[in-house]
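1. whatever this is, show me its structure:
(one chain, ligands or ions: 1)
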Amino acid sequence: MNYRIALDGPSGAGKSTIAKRLSAELGFVYVDTGAMYRTIALYCLQNKVDISDETAVAAVLPDIDIELKYIDGEQRVLLNGTDVSKEIRINEVSMAASKTSAYKPVRAFLLDAQRNVAKTQSVIMDGRDIGTVVLPDAEIKIFLVAAAEERAKRRYKELLERGQNVPFEEVLQDIVQRDYNDEHRAESPLKQAEDAIRLDTSLLDFEQSYQAVLEIAKSKMAE
Ligand code: DC
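-> From the prediction side, this is the model:
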């Protein structure tokens, strides 16, 4: 049987790192929906599309082709055939994606693609609305949270490791702003599904968070 694991939660809660490892351990396909939203935002920035203008953003969607590929176990994101895996992670793109992902046409554009990958294979999909909107019938739903300060600390460290020296206060402010955007938008806001298991990782390190998620997934699959 095919399983669908929906892993939702705010920015920086550790979803993607956990999802990557879990997909390798269980042999499931990993779908990073945030990367898809980021790619749309990057296209808009590269092509000087006004990201505050929903109609302008909607108009360029037909020009965007997104592919998630796995090369040597590493996820690569292709925008119209070009590898943009690195570019989509910069802070400017994070903030732009937080804006453009609120637009209904953008969400509709990605919804089918996301549902289609889960039709024929077991997946672990991470995002904000997977358990509520994209895969409401997912067998396993986990809502991963952590205090904003803690998430900011992790993101700050991650950015430093990538050579980006953004002040901590700015990282924290961006996280708080993105939480607000994600939770308050009209379309598919960030919200825990009623049947999701909530896991707070504020006091857990990565290994402990991972083991807790693995435990939940395994016990659900054994049911
Ligand atoms: O998870 P992330 O930080 O890579 O996501 C980038 C942006 O996309 C973030 O602002 C939230 C948005 N997003 C969304 O609205 N719905 C999803 N399923 C995944 C991400």
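2. quick check: closest non-adjacent residue to the spatially most central residue of the chain.
-> Centre of the chain computed as the mean C-alpha position; nearest residue by CA atoms, centre = their mean is G34, 3.1 Å away. Among residues not flanking G34 along the chain, G127 sits closest, at 6.0 Å (CB to CB, 6 or more residues apart in numbering). Any C-beta I mention is one placed from the backbone N, CA and C, and that applies to glycine too.
3. and that neighbour, its phi and psi?
-> Backbone torsions of G127, given as degrees, to the nearest 10, read phi 180, psi -140.
4. check contacts around it.
-> Residues near G127 by CB atoms under 8 Å, 6 or more residues apart in numbering: L7, D8, K15, T33, G34, Q114, V134.
5. so the residue nearest to the centre of the chain sits against I130, correct?
-> No. G34 is beyond contact range of I130, at 10.5 Å (criterion: CB atoms under 8 Å).
6. show me what the lowest-mean-pLDDT helix or strand in the chain is packed against.
-> Every helix and strand of the chain was ranked by mean pLDDT, DSSP states H and E. The lowest is strand 66-71, at a mean of 90. Packing partners of strand 66-71 (3 or more CB pairs under 8 Å, 6 or more residues apart in numbering; DSSP states H and E): helix 33-46, strand 74-79.
7. buried residues in the longest one, which are they?
-> Residues 33-45 are the ones in helix 33-46 that count as buried (16 or more other CB atoms under 10 Å).
8. reformat those as JSON lines; add pLDDT and distance to the ligand.
-> Below are these laid out as JSON lines (pLDDT from 0 to 100; distance: CB to the nearest ligand atom, whole Å):
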{"residue": "T33", "pLDDT": "97", "distance to the ligand": "4"}
{"residue": "G34", "pLDDT": "96", "distance to the ligand": "2"}
{"residue": "A35", "pLDDT": "97", "distance to the ligand": "6"}
{"residue": "M36", "pLDDT": "97", "distance to the ligand": "7"}
{"residue": "Y37", "pLDDT": "98", "distance to the ligand": "3"}
{"residue": "R38", "pLDDT": "98", "distance to the ligand": "5"}
{"residue": "T39", "pLDDT": "98", "distance to the ligand": "10"}
{"residue": "I40", "pLDDT": "98", "distance to the ligand": "9"}
{"residue": "A41", "pLDDT": "98", "distance to the ligand": "8"}
{"residue": "L42", "pLDDT": "98", "distance to the ligand": "11"}
{"residue": "Y43", "pLDDT": "98", "distance to the ligand": "14"}
{"residue": "C44", "pLDDT": "98", "distance to the ligand": "13"}
{"residue": "L45", "pLDDT": "98", "distance to the ligand": "14"}
